[in-house]
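>>> Build me a structure from this.
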Amino acid sequence: MNRKLTLSLDSGIIDFAHDFSQKTNKPISRIIENYFIELKNQNTTTLPKDLEELYGIFEGTDVPDKKELRRMFHEKNSGVHFNKKYKGLQKKHYQCDYA
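Reported below is the predicted structural model:
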């Protein structure tokens, strides 16, 4: 079922759309529809920047299972260092003196 859509565009873009429509012998609505179909078919999504930084963090190593991750979390928060397998993820200790 087709529905109507109203767009607000720059007048230069509207003039271009009319010229392009005449040259290609296609209605503007069909051109716009085909463009959105192409966008939909590409099905590409970009990750947020904070997730992009995490992408591939475990590449080349075994991903720890849930129990191992939980153990690592508790060790990290209690100040105990991780085992040698995950030595790159060790917690750094900082001393803070309050006056």
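>>> which element follows the worst-scoring helix or strand of the chain on mean pLDDT toward the C-terminus?
Lowest on mean pLDDT, DSSP states H and E among the helices and strands of the chain sits helix 49-54, with a mean of 78. Where DSSP states H and E defines the elements, the next helix or strand beyond helix 49-54 is helix 66-78.
>>> from the middle of its chain, how far away would the least confident helix or strand of the chain be?
Here helix 49-54 is found 8 Å from its chain centre; the criterion is C-alpha atoms, centre = their mean, to the nearest Å.
>>> count of neighbours near residue 26?
13 (other C-beta atoms under 10 Å). Placement of C-beta: from N, CA and C, glycine included.
>>> show me what contacts residue 68?
By C-beta atoms under 8 Å, 6 or more residues apart in numbering, no residues touch residue 68.
>>> Please work out the average pLDDT along the host helix or strand of residue 35.
Taking DSSP H and E as the definition, residue 35 sits inside helix 28-42. Helix 28-42 comes out with an average pLDDT of 89.
>>> Determine the set of other helices and strands touching it.
Where contact means 3 or more C-beta pairs under 8 Å, 6 or more residues apart in numbering; DSSP states H and E, helix 28-42 is packed against helix 11-24.
>>> Excluding its own residues, what touches the helix it packs on? List them.
For helix 11-24, the surrounding residues in contact (C-beta under 8 Å, 6+ apart) are 9, 27-28, 31.
>>> Just the mean pLDDT for stretch 66-82, thanks.
So the average pLDDT for stretch 66-82 ends up being 76.
>>> what distance separates the helix holding residue 35 from the centre of its chain?
Distance, centroid of helix 28-42 to centroid of chain: 22 Å (C-alpha atoms, centre = their mean).
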